[in-house]
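A.B. asks: turn this into a model:
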Amino acid sequence: MLKQKELVIKGKTIGKGKPLICIPVMKPHKEQIIEEFQKLTALKTDMIEWRVDAFENADDLNAIREVLDALAPIVNNTLFVFTFRSKNQGGLLAYSKEQIEDIHEIAAESHIVDFIDIEFFESSHATREIKKLQKMGTHTISSHHDFEETPSASVIEMLLEQMNTSGTDIVKLAVMPNSPEDVLTLLQETLNFHNKFPDRPLITMSMDALGGISRISGEVFGSCVTFATAGQASAPGQLPAENIDSILSILHNGLSKEV
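C.D. replies: Reported below is the predicted structural model:
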């Protein structure tokens, strides 16, 4: 396998070896969000994603800032992904592009968020926003989600490469399979991208139960993070974190013995 560039944050390497596990937090109330982060950090979770679109006060920038301030001492050793998922991309709220950009800036200004998820094809000026957020000191994930189907191989290739040209830190693609062949298409294009751009950490997944294999095979095909549940799922097909950790460890140990 080709070696990916090592992106190391808080002592964790993204883009090499055993995929990291990211658990989403989708609680509506501030106190619940803080409690969930405390529980997950105590379990030494690799990465936690705050799904801000599930927050009851997502339209209040000061309320978002207050949650971030409260989370600051909790996430010292845990990777923190800040995500506002729009309704067009499978999220809970339909905000304007300007509103979402303002929310992203609040996250970057906090200096406690490690990654901000940018919906690449929903943003008016995705590359410009990515560069701005990076200059503010945060990393970015360029993402795209298709909850209806798995595009053709050529379209997947185009989507991944367009997101890659932005200079984002991580490229992410999630698609819905309608057949086992769709899952194979996603895995093949994941491997193709990984081989072509080994310096760019990549996250891909085929959703729903049919795509479950894609959530555990990342180390083989080149996907460096997998999303799992410790409560409410943020997308179809997410597996329980404790189960997926065991599976990833078994696969990783087996691959390590072959090297």
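
A.B. asks: in the chain, which spans are strands?
C.D. replies: Assigned by DSSP state E, the strands in the chain fall at 7-9, 12-14, 20-25, 47-51, 79-83, 115-119, 139-146, 170-175, 202-206, 225-229, 239-240.

A.B. asks: off-centre distance for the last one?
C.D. replies: Relative to its chain's centre, strand 239-240 lies at 16 Å (Cα atoms, centre = their mean, to the nearest Å).

A.B. asks: which helices and strands sit right next to it?
C.D. replies: strand 225-229 (3 or more Cβ pairs under 8 Å, 6 or more residues apart in numbering; DSSP states H and E). C-beta: built from backbone N, CA, C; applies to glycine.

A.B. asks: direction included, what does the lowest-mean-pLDDT helix or strand in the chain pair up with?
C.D. replies: None of the helices or strands of the chain scores lower by mean pLDDT, DSSP states H and E than strand 239-240, at a mean of 76. Pairing partners of strand 239-240, with direction, according to DSSP bridges: strand 225-229 (parallel).

A.B. asks: for the record, mean pLDDT for the partner strand?
C.D. replies: For strand 225-229, the per-residue pLDDT values average out at 92.

A.B. asks: same deal with stretch 17-30?
C.D. replies: Stretch 17-30 comes out at a mean pLDDT of 95.

A.B. asks: again with stretch 128-144
C.D. replies: Per-residue pLDDT over stretch 128-144 has a mean of 98.

A.B. asks: what's the answer for stretch 63-76, then?
C.D. replies: Along stretch 63-76, the predicted local confidence has a mean pLDDT of 97.

A.B. asks: any idea how far that stretch is from the chain center?
C.D. replies: 19 Å.

A.B. asks: from Leu71, how far out is Ile21?
C.D. replies: Plainly put, Ile21 is 19 Å away from Leu71 if you go by Cβ to Cβ, to the nearest Å.

A.B. asks: quick one: low-confidence parts of the chain?
C.D. replies: Judged by pLDDT under 70, the chain has its weakly predicted residues at 1-5, 231-237, 258-259.

A.B. asks: give me the number of residues near Thr45?
C.D. replies: Other residues near Thr45 number 20, with proximity taken as other Cβ atoms under 10 Å.

A.B. asks: and for His194?
C.D. replies: Residue neighbour count, defined by other Cβ under 10 Å, stands at 24 for His194.

A.B. asks: C-alpha coordinates for stretch 114-133, CSV please?
C.D. replies: Included here for stretch 114-133 are C-alpha records, laid out as CSV according to Å, rounded to 0.1, in the frame of the first residue of the first chain:
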residue,chain,number,x,y,z
ASP,A,114,-9.8,20.7,15.3
PHE,A,115,-11.9,20.2,12.1
ILE,A,116,-14.7,22.1,10.5
ASP,A,117,-16.8,20.2,8.0
ILE,A,118,-17.5,22.2,4.9
GLU,A,119,-20.3,20.9,2.5
PHE,A,120,-18.2,21.5,-0.5
PHE,A,121,-20.8,21.6,-3.2
GLU,A,122,-23.3,23.6,-1.1
SER,A,123,-21.0,26.4,-0.3
SER,A,124,-20.9,29.5,-2.5
HIS,A,125,-17.1,29.8,-2.3
ALA,A,126,-15.9,26.6,-0.8
THR,A,127,-12.2,26.9,-1.6
ARG,A,128,-12.2,30.5,-0.3
GLU,A,129,-13.9,29.5,2.9
ILE,A,130,-11.6,26.6,3.4
LYS,A,131,-8.5,28.8,3.1
LYS,A,132,-10.0,31.4,5.4
LEU,A,133,-10.7,28.9,8.1
